[in-house]
Structure formats: structure tokens, C-alpha cells
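Asker: This is a predicted model, with the sequence first.
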Amino acid sequence: MSSPKKQTATDRVRTILADEIARGIIGPGVVLDEASLAERFEVSRTPIREAIRQLEAIGFATARPHRGAVVPLFTPEKLTEMFAVMAEMEALCAQYAALHALPEGKARLQLAHEACRLASLEGDIDIYYAANVRFHEVIYEIGRNTFLAEMTISVRNRLMPFRKAQFRSTGRLSLSLREHARVVESILAGDAHTASQTMREHMMKVRNTVGDVSPTLRQPGER
């Protein structure tokens, strides 16, 4: 097994800022000032500038010429729309996996699920999140539709900070694992309809959980 890639200063800054934006700690309209962020993270402006550029690429910052980037407004309605698209794409990936996965692919899926189980026992959000990302990537891969996988990853990257933030909700790691188990069972059985349905339900539960960690992003009617 290859050693994990060392996190750069840019990675660290981007990850922390994205998490704080997703959780509402850094709210809409806040200017991402390079000087103050460089002081906060004790780095030069170069990794700060690159981290902000990467946040802009996934829609977590809006560039303003000569005035610095600003945090955009994520409304509950907008986030629900984004997750609805994500859910349908993930559901299609699960459907393809159930229909087209070879025995080797199914074995990889079981290993990825086991990695999630072990990570959940650790109770470490970062470890579980990495295992969770790999779990979903395996589903994309074993479905054997490269274009679908590429498009799903592109959408996933836009929602990645929210998908990670959900794990701060109490008990979410174990619930996520149980939801994964139902998806795995369906794929292994070759049940495309159930695989699609359970994955769609899993993704919308992720959306609902985002409101637990960021009250400003609760859906209308949630308390």
C-alpha cells in the first residue's frame, strides 16, 4: 500500500476554510483577505492565494477583481438542488455497478466497505471521510462507465466540503456505514433498482444532515 500523500500548506488552508464555510462559521459576504489569512495560518500569501483559487473552482469563493474573493451565499434551496443532482448521479453509478461489476470489482467494493467500517471504529472524521471517498470511487469504477464517473466526480467536488461536514453530526459515522451496507448488498446481488434507490436515499440523508452542522442551511420547515 502506498503511503498517504503529505498535505501541503495549500491543502491545509483550503480544507479548513472549506469546512468553516460549509458549517457557516465563515458566512456569506465575508472577504477572504490574503494578509489576515496568511497571519492566521502562519504561511506566506502564496499558499493562501492558491487555496482561494481552488475554493473559487468549486464555487466556495467568488473572485472580485482588485477587491479579494468573497464567500458566496448558499441557500437551503440551492444546496437541495445541488444534492438532488448529486443523488441522481450517484444512484446511476450504483445502478451501473449492480449491472456491470465483475467479481474482482465486487471484491474491491467489499474491501472499501470494510475500510469504512474500521474507520468508523476509530471515530476519526478525517480517516472515515477518506475511506468514504474511496468507497464511492470504487462504485464509480466498477460500473465501467468512464464518462459517468468523470461527471459524477466533477459534481462531487462541488459538494465535497458539505459531504465532509456532515460527519460532525452526532452518530453520523455509524449511520453512514449502515447506509453503505444496504448499497453494497444490492450491488453484490445485482439488484440495480434497489442499488439505485438506496444510494439516492443515502445521498439525500447526507443533505439533511448538513442542516445539523450548519443551521443556516436547514431545509424549510426543519427545526
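Answerer: Noted; the coordinates are in hand. Keep in mind the model is a prediction, meaning the values are calculated, not measured.

Asker: Kindly provide the whole-number mean pLDDT of stretch 145-154.
Answerer: Across stretch 145-154, the average pLDDT comes to 97.

Asker: Format the CA atom coordinates belonging to that stretch as PDB.
Answerer: Output in PDB follows, covering the C-alpha atoms of stretch 145-154 (Å, rounded to 0.1, in the frame of the first residue of the first chain):
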ATOM      1  CA  ASN A 145     -18.800   3.900 -17.500                       C
ATOM      2  CA  THR A 146     -15.900   6.300 -17.600                       C
ATOM      3  CA  PHE A 147     -17.800   9.300 -18.700                       C
ATOM      4  CA  LEU A 148     -20.400   8.900 -15.900                       C
ATOM      5  CA  ALA A 149     -17.600   8.500 -13.400                       C
ATOM      6  CA  GLU A 150     -15.900  11.700 -14.600                       C
ATOM      7  CA  MET A 151     -19.100  13.700 -14.500                       C
ATOM      8  CA  THR A 152     -20.000  12.400 -11.000                       C
ATOM      9  CA  ILE A 153     -16.600  13.300  -9.600                       C
ATOM     10  CA  SER A 154     -17.000  16.800 -11.100                       C
END
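
Asker: list the buried ones in it?
Answerer: For stretch 145-154, the neighbour count (16 or more other CB atoms under 10 Å) marks N145, L148, A149, T152, I153 as buried. For the C-beta atoms, the positions are set from N, CA and C on the backbone; glycine is no exception.

Asker: from those, which is closest to A181?
Answerer: T152 (21.0 Å; CB to CB).

Asker: In contact with that closest one, which residues?
Answerer: M89, E90, L92, C93, Y140 (CB atoms under 8 Å, 6 or more residues apart in numbering).

Asker: hmm, who's touching stretch 60-71?
Answerer: The contact list for stretch 60-71 (CB under 8 Å, 6+ apart) reads 17-18, 21-22, 26-34, 52, 55-56, 72, 161.

Asker: Mark which of the residues you listed are buried, thanks.
Answerer: Applying 16+ other CB under 10 Å to the contacts of stretch 60-71 flags L17, A18, I21, A22, I26, L32, E34, I52, L55, P161 as buried.

Asker: so what's the third one up against?
Answerer: This points to I21. With CB under 8 Å, 6+ apart, I21 has these contacts: L55, F60, V71, P161.

Asker: Let me see the domain layout of this structure.
Answerer: Domain assignment for the chain by automatic domain parsing gives 1-73, 76-214.

Asker: any idea which of those domains is most buried?
Answerer: Most buried of those, by mean neighbour count (mean count of other CB atoms under 10 Å): domain 76-214, with a mean of 18.

Asker: what about that domain, start to end distance?
Answerer: End-to-end distance for domain 76-214: 10 Å, by CA to CA, to the nearest Å.
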